[in-house]
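*Asks:* With the input below, show me the fold.
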Amino acid sequence: MGALMKDELFEAQLLRALGYAPYGGADYGECAATAARITTTDPELWYAQWTATAARIRDLALASQASGALASARSGLFRASNYYRTAGLFLMGTPVDPRLRESHRLEVACFRAGAALLPQPPELIAIPYAGTTLTGYFFRPGPGADRRPTLILVNGYDGTAEELYFTSGAAALARGYNVLTFDGPGQGTAIIDDGIAFRPDAEAVIRPVVDFVLRQPGTDPDRIALMGLSFGGYLAPRAATAEHRLAACISDCGPYDLFDTSASRLPGFLARQLPDGSPAALNLLRRILTAVMKKPTAGWALRRNLMVHGVSDPIEFFRLAPEYTLKGREQLITCPTLVCAAEGDDLSARARLLFDALTCEKEYIEFRAADGAGEHCESGARTLFHQRAFDWLDAVLQPRAEEPGGVSGARDRALLTPPA
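*Replies:* Model prediction:
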C-alpha cells in the first residue's frame with residue numbers, strides 16, 4: 001500500500017488510526033490532511049498536528065450537539081477521541097508527560113460523550129482489582145435481558161479501553177455480542193493516571209473481569225470469550241491457561257515469548273548476554289539502549305516499554321521479559337483458541353509456535369499483505385480480520401444444532417446452494 005508518511009513508525013500509527021474508519025473512529029481525509037502537515041519525525045510536531053485536528057473535530061461535534069444534530073455529534077466525538085489518543089502516543093515514557101495525561105483525558109471525555117449518544121449507551125464500569133478498580137465499559141447490542149454471548153477485549157502496550165470499541169467492540173456489537181472493554185495494568189488510565197504496571201500472570205487480572213461479567217444481566221455464562229490484540233495477544237492466552245470459565249480465546253498478533261521477541265531486535269553478540277551475562281557487556285548494552293531511547297522514533301518503543309512495565313533501566317526490562325512467556329503453559333489452555341498472525345509483523349512472527357504447541361481445539365490464520373492485512377494487528381484491514389475471527393467465534397459459541405432427519409444447518413445450506 002502507498003505510504004502517506006516517510007517514517008515507518010509514523011506510517012504504522014497513521015494506519016492504525018485510519019483503520020478505525022469503518023467503525024466511526026476516523027475519516028480518511030482528516031487523517032491524510034493531518035499526515036501531510038507532519039513533515040519531520042519530531043514527536044512534538046506529531047502531537048501538535050493531531051491535537052489540532054482532534055480539537056477542530058471536537059468543536060464541530062459540540063456545535064452539532066448544541067443544535068440537536070446528535071448523529072453528527074456522536075460521529076465527531078468518536079473521531080476526536082481517536083485523534084486525541086493518536087496525538088499522545090509518542091509522548092509515552094517516564095516520567096509521565098503532562099500532555100499525555102491531557103490527551104488521554106480528552107480522549108476519554110470525547111469518547112464518553114459520543115458513547116452517551118449511542119442508541120444503547122454503554123455502562124461505565126469499575127472492576128474491583130487488587131485493592132483498587134479497573135475502569136472500562138460494558139456494551140450491550142440492544143435493550144432487553146436476553147442471554148447473549150459476551151466478548152472481553154484486551155489491548156496491548158499503548159492501547160486504551162476507549163480504542164477497543166473501534167478495534168473490535170463495534171464489530172462485536174453488530175454481531176449481537178455483549179462487549180466489555182477495560183484498562184488493565186499497563187494500559188490507559190491504569191498506567192497513565194494510576195501508575196499500575198503490567199504483570200505477567202494475566203489470569204490474575206482476567207479472573208475478576210470474568211467475575212464481573214457473570215454478575216451482569218443478560219450474560220450467558222457458557223459463552224464468555226476473550227480476545228487480545230498486540231501484547232493482548234499474549235495476555236489473552238496466558239489468562240486462558242488458568243481461567244477456565246472462558247468458552248473461547250483469540251490471540252491477535254501477540255508475542256509468544258516477550259524476551260525472545262525483544263532480544264531478536266538486538267545485535268546477536270549482546271543479546272546473548274541477556275538477561276544476566278557479563279557485567280561489561282551489559283553496561284555496553286545499557287549505554288547503547290540509553291542512546292537509542294533518545295532518538296525520536298527509533299527509541300519510542302523502548303521508552304514506552306519501560307513506562308508500561310514500571311522500570312527505569314532498559315536492562316531491567318530485559319530481566320523481567322522472560323516472565324512474559326507462554327512456553328510450557330500451552331497445554332493448560334483448554335478452551336477453543338484462534339491464533340492470528342500478520343505476514344509482515346515481527347511481533348507475531350512466532351505465533352505459529354504457540355499454535356503448534358496447543359493441545360486444545362484450535363485454528364490458525366495468517367493474514368496476508370496481498371490482502372492489505374499484513375501489518376501489525378491487520379491495521380489496514382480490520383473488517384477482514386473481523387470477518388474471519390467472528391465467523392470462527394460464532395461457530396464455536398453458537399454451533400448449529402442438528403435438525404430433524406439428522407441434517408445440520410450447514411449441510412442444509414449446502415443443499416440449497418445451486419451447483420456452479
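
*Asks:* Please count neighbours and contacts with C-alpha atoms only from this point.
*Replies:* Noted.

*Asks:* For the stretch 1-150 of the chain, which segments count as strands?
*Replies:* For the stretch 1-150 of the chain, the strands defined by DSSP state E, counting those that start in this stretch occupy 123-129, 132-139, 148-154.

*Asks:* what's the answer for the stretch 301-420 of the chain, then?
*Replies:* Shown for the stretch 301-420 of the chain, the strands assigned by DSSP E, counting those that start in this stretch span residues 337-342, 362-367.

*Asks:* residue contacts, the nearest residue to residue 382 once chain neighbours are set aside?
*Replies:* Distances taken as Cα to Cα, 6 or more residues apart in numbering place residue 19 nearest to residue 382, at 6.7 Å, with adjacent residues excluded. Residue 19 makes contacts with 26, 379-382, as judged by Cα atoms under 8 Å, 6 or more residues apart in numbering.

*Asks:* Put together JSON lines for those, with pLDDT and distance to residue 173 on each row.
*Replies:* Output for these, formatted as JSON lines (pLDDT from 0 to 100; distance: Cα to Cα, whole Å):
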{"residue": "26", "pLDDT": "98", "distance to residue 173": "18"}
{"residue": "379", "pLDDT": "94", "distance to residue 173": "20"}
{"residue": "380", "pLDDT": "90", "distance to residue 173": "21"}
{"residue": "381", "pLDDT": "96", "distance to residue 173": "18"}
{"residue": "382", "pLDDT": "97", "distance to residue 173": "15"}
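
*Asks:* Tell me the one of those nearest residue 140?
*Replies:* The shortest approach to residue 140 among the contacts of residue 19 belongs to residue 382, at 21.0 Å (Cα to Cα).

*Asks:* pretty sure that closest one contacts residue 167?
*Replies:* Yes - the criterion here is Cα atoms under 8 Å, and residue 382 meets it with residue 167 at 7.5 Å.

*Asks:* So for these two, which residues contact both of them?
*Replies:* Counting by Cα under 8 Å, 6+ apart, the shared contacts of residue 382 and residue 167 are residue 20.

*Asks:* Counting neighbours, go ahead and name the busier of the two.
*Replies:* Shown here are residue 382 and residue 167; by other Cα atoms under 10 Å, residue 167 has more neighbours (26 against 23).

*Asks:* Reformat the contacts of residue 19 as CSV; add distance to residue 198.
*Replies:* What follows is these, written out as CSV (distance: Cα to Cα, whole Å):
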residue, distance to residue 198
26, 29
379, 24
380, 27
381, 28
382, 26
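
*Asks:* Go through those and say which is closest to residue 3.
*Replies:* Closest to residue 3, out of all of those and judged by Cα to Cα, is residue 380, at 11.8 Å.

*Asks:* residues in contact with that closest one?
*Replies:* 15-16, 18-19, 372-373.

*Asks:* quick revisit: quick check: which of the strands of the stretch 1-150 of the chain is buried the most?
*Replies:* strand 148-154 (a mean of 25; mean count of other Cα atoms under 10 Å).

*Asks:* Which residues are in contact with the residue nearest the centre of the chain?
*Replies:* Geometric centre of the chain, nearest residue: residue 155, 3.1 Å, by Cα atoms, centre = their mean. Neighbouring residues of residue 155 by Cα under 8 Å, 6+ apart: 161, 164, 183, 187, 228-232.

*Asks:* Quick check: pLDDT value at it.
*Replies:* Residue 155 carries a pLDDT value of 96.

*Asks:* So it versus residue 398, what's the distance?
*Replies:* In this structure, residue 155 and residue 398 are 25 Å apart, going by Cα to Cα, to the nearest Å.

*Asks:* Next: residue 267.
*Replies:* Going from residue 267 to residue 398 by Cα to Cα gives 48 Å.

*Asks:* next one: residue 72
*Replies:* From residue 72 to residue 398 the distance is 35 Å (Cα to Cα).

*Asks:* now swap in residue 211 and tell me
*Replies:* Residue 211 sits 22 Å away from residue 398, going by Cα to Cα.
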